[in-house]
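Just the structure for this:
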Amino acid sequence: RRFLAELEARAEQHGCTLLRLDTNKALTAAIGLYHSYGFQEVPAFNDEPYAHHWFEKRITAPPPRSAP
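Predicted coordinates for the structure are as follows:
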């Protein structure tokens with residue numbers, strides 16, 4: 001969970017609005033973690049041969065800072 005929180009925070013800092021990841025069907029703990037952290041399963045977005053589940057999560061990038 002800490003890794004996902006850090007990933008999301010850094011992505012937001014860089015203006016990203018979508019996180020995507022994939023995982024193997026044998027990694028049931030990871031699948032549960034992704035669901036619990038707000039990721040939704042989506043259709044495959046790559047051709048990774050060892051992936052069976054694809055996820056994405058929309059995030060909100062912080063507003064741009066005003067120049068002083």
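
low-scoring pLDDT stretches of this protein, where are they?
61-68 (pLDDT under 70).

Contacts only, for residue 46.
The contact partners of residue 46, taken as Cβ atoms under 8 Å, 6 or more residues apart in numbering, are 22, 54. Where you see a C-beta, it was placed from the backbone N, CA and C, and this is true even at glycine.

ok, which stretches of this protein are strands?
Assigned by DSSP state E, the strands in the chain fall at 18-23, 40-42, 53-58.

Show me what the second one is packed against.
So the one you mean is strand 40-42. strand 53-58 (3 or more Cβ pairs under 8 Å, 6 or more residues apart in numbering; DSSP states H and E).

what sits opposite the residue nearest to the spatial centre of the chain in the beta ladder?
Residue closest to the average C-alpha location in the chain (Cα atoms, centre = their mean): residue 19, at 3.5 Å. Bridge pairing for residue 19 (DSSP bridges) gives the partners residue 57.

thought it was touching residue 8?
Yes. If you go by Cβ atoms under 8 Å, residue 19 and residue 8 touch, sitting 6.5 Å apart.

okay, and the common contacts of those two?
With Cβ under 8 Å, 6+ apart as the test, residue 19 and residue 8 both reach 57, 59.

which other helices and strands contact the helix of greatest length in the chain?
As assigned by DSSP state H, the longest helix anywhere in the chain is helix 2-13. The elements that helix 2-13 packs onto, with contact taken as 3+ Cβ pairs under 8 Å, 6+ apart, are strand 18-23.

Which secondary structure elements does the strand it packs on sit against?
Strand 18-23 packs on helix 2-13, helix 28-36, strand 53-58, going by 3+ Cβ pairs under 8 Å, 6+ apart.

Rebuild those as a markdown table, extending it with mean neighbour count.
Listed next are the helices and strands packed on strand 18-23 as a markdown table, based on neighbours: other Cβ atoms under 10 Å:
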| stretch | mean neighbour count |
| --- | --- |
| helix 2-13 | 12 |
| helix 28-36 | 14 |
| strand 53-58 | 17 |
